[in-house]
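Q: dropping a prediction and its sequence here:
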Amino acid sequence: MVSLSLDNIGARYGRREILSGASAELQGGGLTALVGANAAGKSTLFRRIAGHLRGAGRIQLHGVARHEMRYMPQDTGMNAALTVYESIILALKQGNGGWRLSAEELRAVDGILVRFNITHLADQQLHELSGGQRQAVSISQTLVSRPKIVLMDEPTSALDLNRQYEVLETLRLYSEETGAVMVLALHEINQVMRCCTATLALGEGRILASGPTLEVLTPALIRRLYGIDSRVERCSRGCPVMIVDGPVGQAAAE
Ligand SMILES: Nc1ncnc2c1ncn2[C@@H]1O[C@H](COP(=O)(O)OP(=O)(O)OP(=O)(O)O)[C@@H](O)[C@H]1O
């Protein structure tokens with residue numbers, strides 16, 4: 001089984017400390033959400049895990065090699081003069097090996113286009129895509145090599161409501177099928193409650209809570225993270241949903 005241990009991780013930019021003492025065990029085979037307010041340090045933690053930022057502590061990978069990790073940043077520049085198909089081949093080849101594809105590589109590229117419902121975009125230039133289409137292509141580029149550790153910074157931020165559920169469900173199936181550790185920074189708490197087995201909550205420069213999602217995302221923690229009063233109820237299909245009552249201390253408008 002693949003897993004990732006964070007042991008007393010710290011991260012800073014120059015003299016400014018962003019995170020300290022961050023420890024957690026992240027298991028493969030399901031989605032892990034990374035939540036926290038704006039500027040809490042979610043992208044910084046990803047950069048630290050991906051090795052783009054040095055700092056205190058130890059990051060250990062179990063059952064997987066470092067080259068099997070992929071990090072999808074929040075803003076993936078997409079202005080190269082390539083088609084969607086070419087950009088996914090490039091991501092698979094990681095810039096090595098020219099354009100020749102083995103039969104297996106061809107299947108991987110075609111398979112990922114089908115999985116994320118973007119086959120019809122294959123011949124389109126990247127700069128011609130909408131924001132949501134671009135995001136689906138970024139996710140496809142990230143997963144085409146079937147990585148075993150995946151860090152995705154707000155992978156659903158540009159997707160419509162239906163596509164959010166579709167894509168998160170596909171990511172969940174991918175993690176179950178490959179046993180990959182998949183950590184997704186998400187702002188939409190109801191997506192987290194529906195799709196993520198585990199949650200890591202960042203605030204006050206550290207990990208405030210980690211563990212099974214429904215145990216971590218209590219109204220008390222939501223209040224501490226975001227200053228929002230909320231409660232958990234069930235939707236008509238039995239899924240837990242967070243109802244937002246409003247900012248702490250503010251009465252509802254008449
Ligand atoms: N390259 C950088 N140099 C200096 N400070 C940075 C840099 N990148 C981020 N920061 C600072 O680090 C803090 C954490 O930023 P980070 O991007 O990790 O937050 P985040 O939780 O991902 O936020 P958001 O939800 O808004 O995307 C912020 O105060 C930000 O200003």
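A: Happy to help now that I have it. Everything quoted here is computed from the prediction, not taken from an experiment. Numbering: from 1, shown residues only.
Q: from now on I want contacts and neighbour counts done on CA atoms only, so please keep to that.
A: Noted.
Q: report the beta-bridge partners for the most centrally placed residue in the chain.
A: The centroid of the chain falls nearest to L184 when counting by CA atoms, centre = their mean (2.1 Å). Legend: beta-bridge partners of L184 under DSSP bridges are A33, M152.
Q: what's the neighbour count on L171?
A: Residues contacting L171 under the criterion other CA atoms under 10 Å number 21.
Q: go on, E104?
A: By other CA under 10 Å, neighbour count at E104 equals 9.
Q: what comes into contact with the helix or strand encompassing Q135?
A: Under the criterion of DSSP states H and E, Q135 resides in helix 131-143. Applying CA atoms under 8 Å, 6 or more residues apart in numbering, the contact partners of helix 131-143 are 70-72, 76, 78, 84, 87-88, 91-92, 112-113, 116, 118, 126, 150, 155-156, 158-160.
Q: list the residues that contact G179.
A: 1-2, 28-30, 148.
Q: buried subset of those as a PyMOL selection?
A: Entered in PyMOL, the line below selects the buried ones among the contacts of G179, by 16 or more other CA atoms under 10 Å:
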select buried, resi 2+28+29+30+148
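Q: adding pLDDT and secondary structure, write the contacts of G179 out as TSV.
A: Shown next, in TSV, are the contacts of G179 (pLDDT from 0 to 100; DSSP: H, G, I helix; E, B strand; the rest coil):
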residue	pLDDT	secondary structure
M1	82	coil
V2	94	coil
G28	96	coil
G29	96	coil
G30	96	strand
K148	96	coil
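Q: low-confidence stretches in the stretch 51-200 of the chain?
A: Regions of the stretch 51-200 of the chain meeting the criterion pLDDT under 70 cover residues 95-98.
Q: all helices for it, in order.
A: Ranges of helices within the stretch 51-200 of the chain are 84-93, 103-115, 131-143, 161-178, 189-195, based on DSSP state H, counting those that start in this stretch.
Q: count of residues packed around the closest residue to Y226 other than its chain neighbours?
A: Nearest-residue entry for Y226: A37, 6.0 Å, with adjacent residues in sequence omitted and distances by CA to CA, 6 or more residues apart in numbering. For A37, the number of neighbouring residues by other CA under 10 Å comes to 17.
Q: you'd agree A37 is up against L225?
A: Yes: using CA atoms under 8 Å, A37 makes contact with L225 at a distance of 6.3 Å.
Q: return every residue with contacts to both of the two.
A: 202-203.
Q: quick revisit: kindly give a single ChimeraX line that selects the buried subset of the contacts of helix 131-143.
A: A single ChimeraX command selects the buried members of the contacts of helix 131-143 (16+ other CA under 10 Å):
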select :70,71,72,78,84,87,88,91,92,112,113,116,118,126,150,155,156,158,159
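Q: filter the contacts of helix 131-143 down to the ones near the ligand?
A: The subset of the contacts of helix 131-143 lying close to the ligand, counting by CA under 6 Å from any ligand atom, is empty.
Q: what residues does the stretch 1-150 of the chain put near the ligand?
A: So the stretch 1-150 of the chain meets the ligand at 13, 18, 37-44 (CA under 6 Å from any ligand atom).
Q: hang on, the earlier thing: could the helices of the stretch 51-200 of the chain go into TSV alongside distance to I207?
A: Shown next, in TSV, are those (distance: least, CA to CA, whole Å):
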stretch	distance to I207
helix 84-93	32
helix 103-115	33
helix 131-143	26
helix 161-178	23
helix 189-195	17
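Q: so which of the ones you listed gets nearest A56?
A: helix 131-143 (27.3 Å; CA to CA).
Q: using PDB, write down the CA coordinates of that closest one.
A: Taking Å, rounded to 0.1, in the frame of the first residue of the first chain, the C-alpha atoms of helix 131-143 are listed here in PDB:
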ATOM      1  CA  GLY A 131     -11.300  27.500 -18.300                       C
ATOM      2  CA  GLY A 132     -13.100  24.300 -17.300                       C
ATOM      3  CA  GLN A 133     -11.900  22.500 -20.400                       C
ATOM      4  CA  ARG A 134      -8.300  23.600 -19.500                       C
ATOM      5  CA  GLN A 135      -8.700  22.300 -16.000                       C
ATOM      6  CA  ALA A 136      -9.900  18.900 -17.300                       C
ATOM      7  CA  VAL A 137      -6.800  18.800 -19.600                       C
ATOM      8  CA  SER A 138      -4.500  19.700 -16.700                       C
ATOM      9  CA  ILE A 139      -5.900  16.800 -14.700                       C
ATOM     10  CA  SER A 140      -5.500  14.500 -17.600                       C
ATOM     11  CA  GLN A 141      -1.900  15.600 -18.100                       C
ATOM     12  CA  THR A 142      -1.200  15.000 -14.400                       C
ATOM     13  CA  LEU A 143      -2.700  11.400 -14.400                       C
END
